[in-house]
Structures are given as C-alpha cells and as structure tokens.
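In: next comes the sequence, and after it the predicted model I'd like to discuss.
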Amino acid sequence: MWRFSQALGGSRRIIQSRLHSYFTIPKVQTGIIFNEFGGPLQYRRDLPVPKPRSNEVLINLKYSGVCHTDLHTWKGEIPFKTKLPLIAGHEGAGVVVDKGTDVKTFEIGDLAGVKHLMSSCMGCELCDAGHELNCAKAEIAGANRDGTFQQYVTVDALQAPHLPAKVDLASAAPMFCAGASVYKALKNSKTQTNQWVAIFGATGGLGTVATQYATSMGFRVVGIDGPGEERKQLFHSLGGEVFLDYTQVDSVPAAVKEATQGGAHSVLNLTASLPSYDQTVQCVRPLGTVVPVGIPPNSGLLKADIFQLVQESLSIKGSSSANRSDVREALDFFNRGLVKCPIKIVGLSELPTVLDNIEKGYANGRFVLDTSR
Ligand SMILES: NC(=O)c1ccc[n+]([C@@H]2O[C@H](COP(=O)([O-])OP(=O)(O)OC[C@H]3O[C@@H](n4cnc5c(N)ncnc54)[C@H](O)[C@@H]3O)[C@@H](O)[C@H]2O)c1
Ligand SMILES: [Zn+2]
Ligand SMILES: [Zn+2]
C-alpha cells in the first residue's frame, strides 16, 4: 500500500511537472494600470508577472468583467482602501499555471475564478463566521491589491473558486462579482417563493443576473430601469415580469405598489443613482426588506421615514460582495445553465471606452475584456 501511494505520488509529480512546462510563464505581461484617480489608464506590455506565495495560485486570466465599481475606484469616488498605482478589476476567469508549495486544492491546468476577496487572515472572529470580506486584513482585488485587468494574477488558493473544465470562461467571469453579489443580496432579502422583489437597475450588469437568479429562486420580479424599449425587452427575455421605465413613470413607488398589489416584499437597489435610493423604501410592503447593494458616487444618505420603519417593521440589510460559500452556491446556478449574464466581449485595450459607456448607463449586461488583445 505504502509503495502504491508512493508510486502514485511520483507519477502525479511527473504529470504536474509536464503540465507546468506546458504553460510557459513569461516574465512580463499586458495589463492596464493607473497612477492617480481619474488619471490615464495606461495599456502596458511590460508589467511583471507575479510569483505565487506558498499558499497562492498563479492564474492566467483569459477574461475579466468590468463592474461599475471599477469606474468608482478609478475615479476615486468610493472610500475603499485603494493602493496606487493600481491594476483594477475584480471578476476574472482563467487557468491555473503555477502554485505555491502549500496549495492542496488546485492542480496546474485547472480552471479558476478571481473574485473581490483575494485573501484574509482566516483566523479572526469575522473570518471564522464567514465574513472574510470584513476582515481587517482583507486583500481586495482591484482595491488594495492588483486585480483582473491583467493577464496573470496571484490569489490565495482558498479564495479562488473552481470552475469546471470546458466552461465558457468569458461567460463565467461576471459570475464572480455580479453573479455572486446579487445571489447573496437576494438570499439576504429573505424573499419567499412567489413573492415580489423589486430591482432598481434591472438591466445593468448586476441587474440582468439578479433578474435571472430571482426568477430561478421562484420570486416574481418587477424591474426598474430605462430608458427605452430595448431594455424592457431584455428584462422580459431574462424572465422578469413587470418592467417600469423610470424615465417615463410619474412615481416609481406608486407604480411598484400597483403592480405588486401593495408593495414588493423586498427591494434590491443595484444602481449607482442616489435619486433612485430616495424611492427604495417607499416600494416595500409592511414587513418588507430593502437591500442596498449599489453605491452612488461619493456614497450618500438613505432616506427613510422613521415612523414607517417602526410601524411597518421594515428591514434595511446592506449587502456587499459574497463569501466563499455564497460564490459556490451562485456558481452552481451558472454551471446548471440557469443564469447567464448577457456579455459584450471587447479587448482589454478598450477599457477606457468601456468605462465611458458604463458611466453613460449603456452597459445592458456586462462588458467582458479579452486579455489577449
Ligand atoms: N455591494 C456589492 O456587492 C456590489 C457589487 C458590485 C457592484 N456594486 C455596485 O452596484 C452598482 C451597480 O453596478 P453595475 O456594475 O451593475 O452597474 P451598471 O452600470 O451595469 O448598472 C446600473 C444600472 O442602473 C440603472 N439606473 C441608473 N439610474 C437608475 C434609476 N434612477 N432607476 C433605475 N435604474 C437606474 C442604469 O440604467 C443601469 O442599467 C454600482 O454602484 C457598483 O459599484 C455593488
Ligand atoms: Zn463588482
Ligand atoms: Zn480575518
């Protein structure tokens, strides 16, 4: 028995070293870096390829989604602890091409994702309870650590989600922020089967996946976004039931109350719009839950009538990103074909145009960057 496992270990090592040599790891790589908030987004071909520490994998990223948070980060308009210079981006998918000596959960050649949280201490009270993102030592992709707008990235193997072989990596990439974040937010909303969830920003990057998750989880969706017929059609194609164009409707809360016969059981705000936040609490029915997810530029205050909160026993439950088990559950929906973000694939070099489009509200799903061009 001892000899057999020794022999097996030996052959595994040979396969690993062959795979390792199959992936030639360059010393430099292409990525987009900026030195100051709002400063030039430099497309560089001479960025160093990081080396994995003992607990890390090196992932050759093939695709990265672009989140509205990347726009906020670049403009310096959310109070994240952000390093400079910075390579932004926090939802990527690629191939494991190297790993540290302590990594037991990945083999070279496996497919993996990169999400917002890249590492945490895994020993504090918050980490123990599954709130690694709030750990004082959390390393966040595209904030206090370089992220996914590059071809190679290192990440704590424990925080790298596995992807099945032959998965479409471009479609998988948005699952690691947009998908996982809205799945967790919907769980936090405590909505039950057949109940209504109102989604502000229903045809944005987060909104398009939220509409699909909500439908798959058995909820009825009233989506708020706009302008235009194209967005309405997109929303319905994703399983949404009632679409409200906020640029056309006199009062969004009144229209939500009418459509849901008394107000939604929960409201997710997935926009970067402060005026839309002013309407969220008015859209829920008694005992409802409001889940703030989107962040307006430079943040802001959520208006809520105290009497209404008390009298109607309302809950406000902020929701940030997702932990490892949320990501695992969220990916399961994707792997079973229940959820797929509408994507537009463009070259990494086109990031400045993409950010401009996101700022103008033209996302209608996700822009996904192909790191090879
Ligand atoms: N908390 C989290 O975990 C988390 C994760 C990712 C992104 N975010 C934040 O969520 C927000 C959305 O991100 P995204 O990448 O989906 O952005 P996006 O630009 O792709 O989508 C935003 C959508 O909001 C819509 N919108 C704008 N004003 C509106 C209004 N008044 N009413 C209804 N809809 C309106 C836009 O038309 C757009 O479709 C950003 O602020 C981002 O920083 C939070
Ligand atoms: Zn994001
Ligand atoms: Zn911790």
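Out: Structure received. Ligands and ions are numbered 1, 2, ... in the order given.
In: all helices of this structure, in order?
Out: 2-22, 68-75, 125-128, 169-172, 178-188, 205-216, 229-237, 252-260, 274-280, 306-311, 324-335, 351-359 (DSSP state H).
In: the second one and ligand 2 in contact?
Out: In other words, helix 68-75. Yes. Shown here: helix 68-75 in contact with ligand 2 (CB under 5 Å from the ion) through residue 69. Where C-beta positions appear, they are placed from N, C-alpha and C, glycine not excepted.
In: just give the nearest non-adjacent residue to residue 87, would you?
Out: residue 146 (4.0 Å; CB to CB, 6 or more residues apart in numbering).
In: tell me the contacts of that neighbour?
Out: Residue 146 makes contacts with 31, 50, 83, 86-87, 153, as judged by CB atoms under 8 Å, 6 or more residues apart in numbering.
In: in its sheet, what does the lengthiest strand in the chain sit against?
Out: In the chain, taking DSSP state E as the definition, the longest strand is strand 56-66. Strands that pair with strand 56-66, judged by DSSP bridges, come out as strand 92-99 (antiparallel), strand 152-156 (antiparallel), strand 366-370 (antiparallel).
In: among these, which comes closest to residue 109?
Out: Nearest to residue 109, of all the strands paired with strand 56-66, is strand 92-99, at 6.6 Å by CB to CB.
In: quick one: contacts of the closest one?
Out: The contact list for strand 92-99 (CB under 8 Å, 6+ apart) reads 20, 23, 25, 51-52, 56-65, 106-114, 141, 147-148, 152-153, 157, 160, 163, 167, 169-170, 172-173, 176, 371.
In: can you select the buried ones from those in PyMOL?
Out: Those of those that count as buried under 16 or more other CB atoms under 10 Å are selected in PyMOL with:
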select buried, resi 52+56+57+58+59+60+61+62+63+64+65+106+108+110+111+112+113+114+141+147+148+152+153+157+160+163+167+169+170+172+173+176+371
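In: so the protein: which segments form each domain?
Out: Per the record, the chain has its domains at 19-177+322-370, 181-316, by automatic domain parsing.
In: about what we covered before: redo the contacts of residue 146 as a markdown table? Include pLDDT and distance to ligand 1.
Out: A markdown table is the format used below for the contacts of residue 146 (pLDDT from 0 to 100; distance: CB to the nearest ligand atom, whole Å):
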| residue | pLDDT | distance to ligand 1 |
| --- | --- | --- |
| 31 | 98 | 21 |
| 50 | 97 | 24 |
| 83 | 96 | 18 |
| 86 | 98 | 16 |
| 87 | 98 | 18 |
| 153 | 98 | 19 |
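In: residues contacting the residue lying closest to residue 124 once chain neighbours are set aside?
Out: Closest residue to residue 124 apart from its sequence neighbours, by CB to CB, 6+ apart: residue 135 at 5.7 Å. By CB under 8 Å, 6+ apart, residue 135 lies in contact with 120-121, 124, 126-127.
In: ok, now residue 312?
Out: Residue 312 makes contacts with 284-288, as judged by CB under 8 Å, 6+ apart.
In: for the residue nearest to residue 87, phi and psi?
Out: phi -60, psi 140 (degrees, to the nearest 10).
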